[in-house]
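Chemist: Sequence first, predicted coordinates after that:
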Amino acid sequence: MTGKYDDLHKTQLIKLLEKHDRTKKLGLVWERDEIDADKALDHDFIVAQINGDLSDKPAPWDNLVIEGDNYDALRWLRMTHRGRVKCIYIDPPYNTGKKDWVYNDRYMSAEDRFRQSTWLEFLYRRLTLARDLLAEDGVILISINDEQRALLELMADEALPGMRLTSFTWRTRTGGNDAKGAFVSDNHEHILAFGKPAFRFGGYEKTYEKYVFWDEKQKDHYRLSDISQPKDMSERLNGFYAMFDPSTGIYYPPNPQRVWPSPFPKGSKYDAAEAPDVMPVFPPDEATAGLVPLGDQIGKWVQQKRIEFPTEQRVEVWSSREELLDAIERSDVPMARKTRKIWADMPHLDFWVGKKIGFGLPQWVRYKRELKNSTQPISSWITPLSEKSTLPLSDETDANAHIVSGTNQEGTTEIQDIFGSKAFTYPKPVSLIRELVRQSTALDDLVLDFFAGSATTAQAVMELNAEDGGDRRFIMASSTEATEDDPDKNICRDVTAERVRRLNASDDKKYADLAAGFAYLRTKQIDFEDLDYDLNPSDAWTCLEAFHGLPLTPYDAEQSWNVHEGDGATLVLVDRFDLSLIEWLRPRTLQNVHVYAWAPGQITQHLDGMHIDVSPVRETLVKAFRA
């Protein structure tokens with residue numbers, strides 16, 4: 001009698017046991033068969049075959065367009081590009097219940113509950129593969145509508161554990177009609193961000209217009225900023241004290257809603273109950289020196305000129321309690337907007353009698369060189385271009401802290417400009433993807449979109465490179481989307497790749513600086529038991545070039561062995577051994593040379609002590625594929 005585990009190999013059984021050990025305590029549950037999922041992952045081997053006629057610009061090709069089911073494309077990429085992708089952006093099907101999901105083997109009504117599990121499992125399998133492609137500082141960005149956002153986010157937490165960073169809200173259009181029956185317009189979508197531990201968005205360059213003061217001693221510009229903390233006196237009693245300026249003898253009362261910083265260094269203790277009848281003063285004056293421990297932090301800051309006291313302000317002295325109470329009644333005391341800093345029943349009211357009281361506000365001296373980052377974080381709100389003028393303009397919340405993007409109308413217009421017709425429905429605007437990629441990548445990073453569709457992501461990468469001189473590369477994976485009614489339909493060939501081709505050849509000034517040659521690949525499935533017969537040298541060559549981070553080149557079947565000498569490594573694939581290979585290798589024995597052969601023993605017996613590793617083609621690729 002056979003069981004359901006009998007035909008699983010050791011690697012699959014180990015993975016299954018590991019999954020069972022991680023018992024789910026809290027999260028999203030959907031109908032799924034883990035055994036079926038594991039079988040799908042390793043059911044067969046995937047190769048990606050170059051089609052030279054559909055590729056664009058001469059080889060070598062740094063960019064890739066992959067035609068095929070993106071599950072197969074991701075399985076191939078996991079073998080060839082594991083840990084090397086900096087930014088993955090996808091705009092997956094939204095599972096609206098309409099005929100807009102070509103991957104589905106049957107179309108289901110919007111009321112069919114199982115359709116959610118089918119959709120979630122479909123995306124889960126792809127996200128778990130995509131996770132393995134990310135670099136240690138990589139990020140996955142996922143567009144989704146409001147209706148499916150909650151389900152997708154919970155599922156992504158399962159597929160990408162511990163990686164959730166934030167979400168962006170994007171206005172898809174301006175205006176909009178009541179689409180929910182509750183007089184609310186669904187004119188926005190979300191972009192979920194999941195990142196590896198070392199990932200950081202680029203942020204935007206800070207403006208320094210407030211750093212207008214110059215400190216000759218420190219040789220640095222500085223600005224003045226609020227020194228208080230966002231706690232009231234009930235939350236931070238150790239921040240409720242009189243600030244004292246030793247140079248003028250002026251006292252400054254605290255704001256009871258937003259008190260001063262702690263007067264003592266971190267880790268030290270301050271207990272106001274030790275002197276309940278005395279108002280603390282920091283730094284201490286002669287009258288309070290005995291009540292305050294020496295070396296308080298405020299005193300040090302005053303000595304270091306890190307606190308700047310007002311030079312032009314109103315100063316009052318109330319000679320009696322009655323005079324002070326009268327001023328309080330008239331709100332003629334230092335104020336924080338509508339809040340009195342001195343009030344009738346405050347603790348230690350008599351302290352303020354007979355002293356010089358300043359109406360100004362001490363401020364913190366903030367030097368430019370002490371900024372922790374040269375950039376400021378981006379906002380999670382993506383602003384439409386039409387509303388850019390409404391953004392705040394202060395230096396810390398500058399308009400530059402917001403991603404500014406066009407709406408869906410921009411995406412549609414762009415497609416019509418390039419193709420002369422509406423070749424793709426609901427494309428995202430280039431400005432949106434461009435700014436997301438700008439925030440997520442450096443000049444030479446790799447960007448992947450495995451729901452590439454109209455190749456907006458590819459154009460975004462091309463525009464960024466033209467703008468900043470970068471050498472970012474892209475991988476676009478897209479299906480044909482052929483159906484029984486339209487078997488010749490091929491979105492990848494006729495839209496995804498064609499958009500890049502047209503941009504490369506365009507004489508429109510708007511696209512004049514855009515250029516990105518690419519290899520066009522088609523995925524092919526090979527049963528593992530047939531690899532010895534069906535894995536041909538050209539497909540192995542493409543796998544190995546990608547595996548070693550080399551741009552792709554055509555395979556020359558006329559040569560006994562093919563060579564690709566890259567900047568950091570040299571790749572050799574031996575199809576038919578002859579002794580000329582040994583002579584070619586001899587002067588390269590100390591270089592970073594990777595030799596692959598179908599029969600390594602034919603080569604190793606002639607190496608004569610040369611330090612060259614020769615690896616078997618089939619075993620190397622299968623190991624990388626199943627890793």
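Modeler: Good, I have the coordinates. In this text, all values refer to a predicted model and were calculated from it rather than measured experimentally. Numbers count the residues shown, from 1 in each chain.
Chemist: All the helices of the stretch 101-250 of the chain, residue numbers only.
Modeler: Remark: helices assigned in the stretch 101-250 of the chain by DSSP state H, counting those that start in this stretch are 114-133, 149-159.
Chemist: And these: which comes nearest residue 454?
Modeler: Taking C-beta to C-beta, helix 114-133 is the member of the helices of the stretch 101-250 of the chain nearest to residue 454, at 19.1 Å. Every C-beta, even on glycine, is put in place using the N, C-alpha and C of the backbone.
Chemist: starting at the chain centroid, how far to the closest one?
Modeler: Chain-centre distance of helix 114-133: 20 Å, with C-alpha atoms, centre = their mean, to the nearest Å.
Chemist: same check, this time on stretch 460-470
Modeler: With C-alpha atoms, centre = their mean, you get 18 Å for stretch 460-470.
Chemist: Repeat that for stretch 151-158.
Modeler: 17 Å.
Chemist: ok, back up a step: for the helices of the stretch 101-250 of the chain, which one ends up most surrounded?
Modeler: helix 114-133 (a mean of 20; mean count of other C-beta atoms under 10 Å).
Chemist: Would you mind pulling the contact partners of that one?
Modeler: 28, 30-32, 37, 40-41, 70-71, 74-75, 77-78, 81-85, 88, 90, 92-93, 95, 97, 101, 103-104, 108-109, 140, 151-152, 155-156, 158-160, 163, 448, 450 (C-beta atoms under 8 Å, 6 or more residues apart in numbering).
Chemist: for residue 548, phi and psi?
Modeler: For residue 548, the backbone dihedrals are phi -100, psi 10 (criterion: degrees, to the nearest 10).
Chemist: Wait, it touches residue 570, no?
Modeler: No: Residue 548 is beyond contact range of residue 570, at 9.1 Å (criterion: C-beta atoms under 8 Å).
Chemist: Common neighbours of the two, please.
Modeler: By C-beta under 8 Å, 6+ apart, residue 548 and residue 570 have these common neighbours: residue 594.
Chemist: ok so, going back, can you say which of the helices of the stretch 101-250 of the chain is nearest to residue 444?
Modeler: Shortest distance between residue 444 and those, using C-beta to C-beta, is found for helix 114-133: 16.9 Å.
Chemist: coming back round to it: from the contacts of helix 114-133, which would you call buried?
Modeler: Listed as buried from the contacts of helix 114-133 are 28, 30, 37, 41, 70-71, 74-75, 77-78, 81-82, 84-85, 88, 90, 92-93, 95, 97, 101, 103, 108, 140, 151-152, 155-156, 158-160, 163, 448, 450; burial here means 16 or more other C-beta atoms under 10 Å.
Chemist: Among those, which lie within strands?
Modeler: Among the buried ones among the contacts of helix 114-133, the members found in strands (DSSP state E) are 85, 88, 90, 140, 448.
Chemist: mind giving me CSV with those residues and columns for pLDDT?
Modeler: Compiled in CSV, those are given as follows (pLDDT from 0 to 100):
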residue, pLDDT
85, 98
88, 98
90, 98
140, 98
448, 98
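Chemist: Which two of the residues you listed have the greatest separation?
Modeler: Farthest-apart pair in these is 85 and 90; separation 11.9 Å (C-beta to C-beta).
Chemist: show me where pLDDT drops low in the stretch 251-400 of the chain?
Modeler: Along the stretch 251-400 of the chain, the model assigns pLDDT under 70 to residues 266-277, 290-295, 373-375, 386-400.
Chemist: all strands in the stretch 501-627 of the chain, in order from the N-terminus.
Modeler: Along the stretch 501-627 of the chain, the segments classed as strands by DSSP state E, counting those that start in this stretch run 518-526, 561-565, 570-574, 593-597, 614-616.
Chemist: Next, name the residue at the spatial heart of the protein.
Modeler: Residue closest to the mean C-alpha point of the chain, counted by C-alpha atoms, centre = their mean, is residue 139 at 4.2 Å.
Chemist: does it really touch residue 88, like I thought?
Modeler: Yes: applying C-beta under 8 Å, one finds residue 139 in contact with residue 88, separated by 7.3 Å.
Chemist: for the stretch 401-550 of the chain, what spans make up the helices?
Modeler: Using DSSP H, counting those that start in this stretch, the helices of the stretch 401-550 of the chain run over residues 408-419, 430-440, 456-468, 491, 497-505, 531-534, 537-547.
Chemist: Among those helices, which comes closest to residue 523?
Modeler: Comparing these by C-beta to C-beta, helix 537-547 comes nearest, at 10.5 Å.
Chemist: What average pLDDT does the closest one get?
Modeler: In this model, helix 537-547 has a mean pLDDT of 98.
Chemist: if I look at residue 564, how far off is residue 5?
Modeler: Distance of residue 564 to residue 5, computed by C-beta to C-beta, to the nearest Å: 42 Å.
Chemist: out of the two, which sits in the more crowded spot?
Modeler: Set residue 564 next to residue 5 and count neighbours by other C-beta atoms under 10 Å: residue 564 wins out with 19 against 10.
Chemist: In space, what's closest to the more buried one - neighbours in sequence excluded?
Modeler: Distances taken as C-beta to C-beta, 6 or more residues apart in numbering put residue 571 closest to residue 564, at 4.5 Å, once the chain neighbours are dropped.
Chemist: what sits opposite the one you found in the beta ladder?
Modeler: Taking DSSP bridges as the rule, residue 571 bridges to residue 564, residue 594.
Chemist: my read: it touches residue 592, true?
Modeler: No: counting by C-beta under 8 Å, residue 571 does not reach residue 592; the two are 9.9 Å apart.
Chemist: Compare neighbour counts for these two and give me the winner.
Modeler: Applying other C-beta under 10 Å to residue 571 and residue 592 shows that residue 571 carries more neighbours, namely 22 against 11.
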